[in-house]
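>>> pasted the sequence and its predicted model underneath.
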Amino acid sequence: MDFAFLGQTFLQLFSGIPLTLQLTAVAFVIASILAVLIAIIRTRKIPVLDQIVGFYVFVLRGTPLLVQIFLIYYGLGQFRPTLQSLGLWQFLRDPYWCSILALALNSSAYASEVLRGGLRSVPVREIETARAYGMSGLRLYRRIILPIAIRRALPGYGNELILMVKATSLTSTITLMEVTGIAAKLISGSFRPVEVFVAAGVIYLAINFILTRIIAVIDWWLTPHLRRPKTIAAKLEPTHV
Amino acid sequence: MAEIFSLLSFGPEGWGRSLLSAAAMTVAVAVCGFLLGLVIGGLLAWARLAGNMALRIGADTYTTVLRGIPDLLVIYLFYFGGSLLVTNIAALFGSEGFVGVPPFVAGALAIGVVSGAYQGEVFRGAFRSLLPGEIEAGKSVGMNRFLLFRRIIAPQIVQHALPGIGNVWQMALKESALISVTGLVELLRQSQIAAGSTRRPFEFFLIAGAIFLVITWISQQLFQFLEKRTTRGTRSAGAA
């Protein structure tokens, strides 16, 4: 292995990290908002909406993300005049916004399932107690249901974040130059796939390692009740001086 | 609407036949990768459960690395790295110039290597759910290791691992779409070709999605059926 080349590759790949992180963050925030709405609709079984949203989740989980990306980026171009008159064309012709849209929609379907599991795990008696105290609607969600559900769903939700980081690599197929996009360019330019793979792999592993640590810290911070109490050392002081 | 049917017809003008054979290619490459993944997953689970320190660390590292790296990079590695290797080997035998790895082989290997990491975790979880008492009971009636595995361990592992294995299969199937970057004419690549030549990308990517949906739906039904069969002998909390 050529270490000088490896170092050079690292430096070139570093310039793709901001885009990878940005795609991850923006798409993940949008996906989370959608996922909360979907999960609430599905657990409350709101008629009609529940069926529509159920079908949405089924379709997005049952088809590859790459197909969804291509459908949005290449497919929507067919409706250019309509989109132009709606003023959406300036977003949908841009691979960046198409990527964000595809990533967010895709991840919202998976994340909603994780959240649904969390919402289902909220004990009924907690909700009944809250209702007995006169809480309902948003306040019930804000104070009782969501805090419990978020804690239960957090580990699974962390996995979704990691999957999102990996999924951003697909945006390189529609010309975005994030880490994988630069890696593909370097491979075809230098034809040294092993070195480029090692460098890009190390970058992704580092990103994912840091993110899993952050999730673990949030989990620790949110669940003080599960922490082992600090053992209070018995102070042995002489009673008589 | 009639236009779509003519696009999809099975005649010489339509794309129906090529899309169907591309769908068969998708299933073929996903199945090959999935089966390779089963073998790798089994080995990984064995290494992590029964192996010595070195094997365990090796298997742990493999799992962490393969689950933390985008699948697309792994596909690039196998396709371009494999071609580099084959070209160098061919050069030893006096061949000159570039020799490529068949994209099918590179794709199936990549799917197998990635899904193996996930299957290893599934098997490990399933093995953990075995009751130690049952293994001890098997030993106490004089079963040897092979018989114990065949009669006690394997049937329960299959039962516990099946839902997880089903998930990994769905992942492998969807991952196969990424192999289109190597030029293998599977479902997505074929739709790209059709979209390019007819200038109807929306319809063709929609159709590709629909075919993927049908395949995932069928496999979901299949796994549910298998799950029912393997859990026939067990009581669930829901049963009276």
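That came through, no problem.

>>> quick check: closest non-adjacent residue to residue A:222.
Excluding its sequence neighbours, the residue lying closest to residue A:222 (Cβ to Cβ, 6 or more residues apart in numbering or on different chains) is residue A:151, at 5.3 Å. Bear in mind the C-beta positions are built from the backbone N, C-alpha and C, glycine included.

>>> buried ones in the helix or strand hosting that neighbour, by neighbour count?
Assigned by DSSP states H and E, residue A:151 falls within helix A:146-167. For helix A:146-167, the neighbour count (16 or more other Cβ atoms under 10 Å in any protein chain shown) marks A:146, A:148-154, A:157-167 as buried.

>>> correct me, but the residue nearest to residue A:222 touches residue A:223?
Yes. In this structure residue A:151 lies within contact range of residue A:223 using Cβ atoms under 8 Å: 6.0 Å.

>>> what's stretch B:13-27 in contact with?
Applying Cβ atoms under 8 Å, 6 or more residues apart in numbering or on different chains, the external contacts of stretch B:13-27 come out as B:6-10, B:104, B:173, B:176-177, B:184-191, B:194, B:198, B:204, B:207-208, B:211-212, B:215.

>>> now swap in stretch B:191-208 and tell me
Applying Cβ under 8 Å, 6+ apart, the set of residues contacting stretch B:191-208 is A:67, A:70-71, A:74-79, B:4, B:7-8, B:15, B:18-19, B:22, B:180, B:185, B:187-188, B:190.

>>> need the residues of chain B near chain A, please.
Selection of chain B residues close to chain A by Cβ under 8 Å from any Cβ of the partner chain yields B:64-65, B:67-73, B:76-77, B:80-81, B:84, B:170, B:174-178, B:180-181, B:188, B:191-192, B:195, B:200-203, B:205-206, B:208-209, B:212-213, B:216-217.

>>> thinking again about what came up before, just the C-alphas of the helix holding residue A:151, formatted as CSV.
Extracted C-alpha coordinates of helix A:146-167, given in CSV (Å, rounded to 0.1, in the frame of the first residue of the first chain):
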residue,chain,number,x,y,z
LEU,A,146,-43.5,11.6,24.0
PRO,A,147,-41.0,11.6,26.9
ILE,A,148,-41.6,7.9,27.5
ALA,A,149,-41.8,7.0,23.8
ILE,A,150,-38.6,8.9,22.9
ARG,A,151,-36.6,7.2,25.6
ARG,A,152,-37.8,3.7,24.5
ALA,A,153,-37.2,4.5,20.8
LEU,A,154,-33.9,6.2,21.1
PRO,A,155,-31.6,3.2,20.5
GLY,A,156,-33.5,2.2,17.4
TYR,A,157,-33.6,5.8,16.3
GLY,A,158,-29.8,6.1,16.7
ASN,A,159,-29.6,3.2,14.2
GLU,A,160,-31.7,5.2,11.8
LEU,A,161,-29.2,8.1,12.0
ILE,A,162,-26.3,5.7,11.2
LEU,A,163,-28.3,4.4,8.2
MET,A,164,-28.9,7.9,7.1
VAL,A,165,-25.1,8.6,7.0
LYS,A,166,-24.7,5.6,4.9
ALA,A,167,-27.6,6.4,2.7
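
>>> could you list the buried residues of the very next helix or strand once past that helix?
Next in sequence after helix A:146-167, counting helices and strands by DSSP H and E, comes helix A:179-190. Residues A:179, A:180, A:181, A:182, A:183, A:184, A:186, A:187 are the ones in helix A:179-190 that count as buried (16+ other Cβ under 10 Å).

>>> what is helix A:179-190 packed up against?
helix A:3-14, helix A:17-44, helix A:193-222, helix B:71-76 (3 or more Cβ pairs under 8 Å, 6 or more residues apart in numbering or on different chains; DSSP states H and E).

>>> any idea which of those helices is most buried?
Ranked by mean neighbour count under mean count of other Cβ atoms under 10 Å in any protein chain shown, those are led by helix B:71-76, which reaches a mean of 24.

>>> check contacts around residue A:107.
So residue A:107 contacts A:27, A:28, A:31, A:35, A:160, A:163, A:164, A:167 (Cβ under 8 Å, 6+ apart).

>>> what's the farthest-apart pair in the residues you listed?
A:35 and A:167 (14.7 Å; Cβ to Cβ).

>>> for the chain, give me the ranges with low pLDDT.
Using chain A. Along chain A, segments meeting pLDDT under 70 span A:1, A:232-236, A:238-241.

>>> the chain in question should be chain B.
Using pLDDT under 70, chain B drops low at B:1-2, B:12, B:235-240.

>>> quick one: the helices in it?
Secondary structure of chain B (DSSP state H): helices at B:2-8, B:16-50, B:53-68, B:71-76, B:82-92, B:103-128, B:132-140, B:145-148, B:154-175, B:187-198, B:201-230.

>>> which stretch among those is buried most, on average?
Of all these, helix B:71-76 has the most neighbours on average by mean count of other Cβ under 10 Å, namely a mean of 24.

>>> what's that helix packed up against?
helix A:179-190, helix A:193-222, helix B:103-128.

>>> tell me how far residue B:207 lies from residue B:194.
According to Cβ to Cβ, to the nearest Å, residue B:207 and residue B:194 sit 9 Å apart.

>>> let me redo that: residue A:20
31 Å.

>>> not counting residues beside it along the chain, what's closest to residue B:184?
Nearest one to residue B:184, counting by Cβ to Cβ, 6+ apart, is residue B:103 at 3.8 Å.

>>> ok, the residue minimising distance to the centre of chain A to residue A:213 distance?
By Cα atoms, centre = their mean, the mean C-alpha position of chain A lies nearest to residue A:161, the distance being 3.4 Å. For residue A:161, the distance to residue A:213 (Cβ to Cβ) stands at 12 Å.

>>> one more: residue A:202?
16 Å.

>>> tell me the contacts of residue 112?
All of this is about chain A. Applying Cβ under 8 Å, 6+ apart, the residues contacting residue A:112 are A:34, A:35, A:36, A:38, A:39, A:42, A:53, A:57.

>>> I was thinking of chain B, sorry if that wasn't clear
When contacts are counted by Cβ under 8 Å, 6+ apart, residue B:112 is found next to B:32, B:33, B:34, B:35, B:36, B:37, B:39, B:40.

>>> and for residue B:159?
Per Cβ under 8 Å, 6+ apart, neighbours of residue B:159: B:126, B:230, B:231, B:234.

>>> how about the third one: what's its closest non-neighbour residue?
It refers to residue B:231. Per Cβ to Cβ, 6+ apart, closest to residue B:231 is residue B:159, 6.0 Å.

>>> kindly report the same for the last one.
Nearest non-adjacent residue to residue B:234, counting by Cβ to Cβ, 6+ apart: residue B:159, 7.3 Å away.

>>> tell me the spacing between the one you found and residue B:230.
Residue B:159 is 4 Å from residue B:230, by Cβ to Cβ.

>>> from the centroid of chain B, which residue is nearest?
residue B:34 (2.8 Å).

>>> if we can go back for a sec, which of the contacts of residue B:112 lies closest to chain A?
residue B:33 (14.0 Å; Cβ to the nearest Cβ).

>>> quick one, what contacts the residue nearest to the closest one when sequence neighbours are not counted?
Leaving aside its chain neighbours, residue B:33 sits nearest to residue B:111 (2.6 Å; criterion: Cβ to Cβ, 6+ apart). Taking Cβ under 8 Å, 6+ apart, we find residue B:111 in contact with B:29, B:30, B:32, B:33, B:34, B:36, B:37, B:172, B:175, B:176, B:179.
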